[in-house]
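A.B. asks: for reference, the sequence and a predicted model appear below.
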Amino acid sequence: MLPTPYDHIPSSALRPFSGAVGDVVFHQGGPTHGLYVVQTGRVHLERVGPDGERFIIHHAQAGTSFAEASVFSEVYHCDAVCVAAGALIRIEKAAVLAAFADPAFARAYGRQAAQQIQAQRQMLEIVGIRRAEDPVMAGLVAGLLDGSVVEFAARLQLSHEAAYRTLRKLVQDGRVMNPSRGIYHLCP
């Protein structure tokens, strides 16, 4: 089952496939074929910096879509890489564009885009915090630690060492619980 608004798309425009860890769904500069929905697993949208370092610009998980802007572009503007194996569905670009004739689809697509913009703005606010403890705490409050600490650190644009040190300090200060390796929760 596809999330709204993609449940309006005819099944003939859906291309299910599986992705293993490290599989590249598409490359920056490659021609666009559509957008994608993650059914299971996780996908990172990544760009390569001037020094060759990779940075994550979006984290797609089960029940979410990615590459929505590709329906209005001729080429993808980043790489999409599977970071957890799973099932994905590509939705053909032409079908998405045709669905805009349906006002309900257009409103739902716009609502989804607005929610993604809000989430990205929240990330910019969190990343803009200077002291390592503050963005880590803000990231925990926002529920961003839903994968590994290394992925969490990358989302916050911190080194994983700084994230681990900060999490350890937050646990020592009694602000965060660490019930098992890699699992952290805010203290009540």
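C.D. replies: Alright, I've got the coordinates.
A.B. asks: what lies in contact with the lowest-mean-pLDDT helix or strand in the chain?
C.D. replies: Of all helical and strand segments in the chain, the minimum by mean pLDDT, DSSP states H and E falls on helix 133-141, at a mean of 82. When contacts are defined by Cβ atoms under 8 Å, 6 or more residues apart in numbering, helix 133-141 is touched by residues 125-127, 129, 145, 152, 155-156, 158, 163, 166-167, 169-170, 175-176, 184, 186. No exception for glycine: its C-beta is placed from N, CA and C like everyone else's.
A.B. asks: and for Gly29, the neighbour number?
C.D. replies: As a burial measure, Gly29 scores 10 neighbours (other Cβ atoms under 10 Å).
A.B. asks: mind checking how far it is from Cys78?
C.D. replies: From Gly29 across to Cys78, the span is 10 Å (Cβ to Cβ, to the nearest Å).
A.B. asks: which parts of the least confident helix or strand of the chain are buried?
C.D. replies: Of the residues in helix 133-141, those buried under the neighbour-count criterion (16 or more other Cβ atoms under 10 Å) are 133, 135-140.
A.B. asks: and for stretch 40-54?
C.D. replies: By 16+ other Cβ under 10 Å, the buried positions in stretch 40-54 come out as 41-46.
A.B. asks: that older thread, from the contacts of helix 133-141, keep the buried residues only.
C.D. replies: By neighbour count, with 16+ other Cβ under 10 Å, the contacts of helix 133-141 hold 126, 145, 152, 155-156, 158, 163, 166-167, 170, 176, 184 as buried.
A.B. asks: out of these, which is nearest to Val37?
C.D. replies: Sorting the buried ones among the contacts of helix 133-141 by how near they are to Val37, with Cβ to Cβ, puts Arg155 at the top with 20.8 Å.
A.B. asks: for the closest one, grab phi and psi.
C.D. replies: Dihedral angles phi and psi of Arg155 (degrees, to the nearest 10) take the values phi -60, psi -30.
A.B. asks: surely it touches Leu144?
C.D. replies: Yes - the pair Arg155 / Leu144 is scored as a contact, 5.7 Å apart, by Cβ atoms under 8 Å.
A.B. asks: joint contacts of those two?
C.D. replies: When contacts are counted by Cβ under 8 Å, 6+ apart, Arg155 and Leu144 are jointly contacted by Met123.
A.B. asks: show me what whichever helix in the chain runs longest is packed against.
C.D. replies: Among all segments of the chain classified by DSSP state H, the helix with the greatest residue count is helix 103-127. Taking 3 or more Cβ pairs under 8 Å, 6 or more residues apart in numbering; DSSP states H and E as contact, the helices and strands that helix 103-127 lies on are helix 93-99, helix 133-141.
A.B. asks: beta partners of the most centrally placed residue in the chain?
C.D. replies: Within the chain, one residue has its C-alpha closest to the average C-alpha position: by Cα atoms, centre = their mean, that is His59, at 1.6 Å. When assigned by DSSP bridges, His59 has beta-bridge partners His44.
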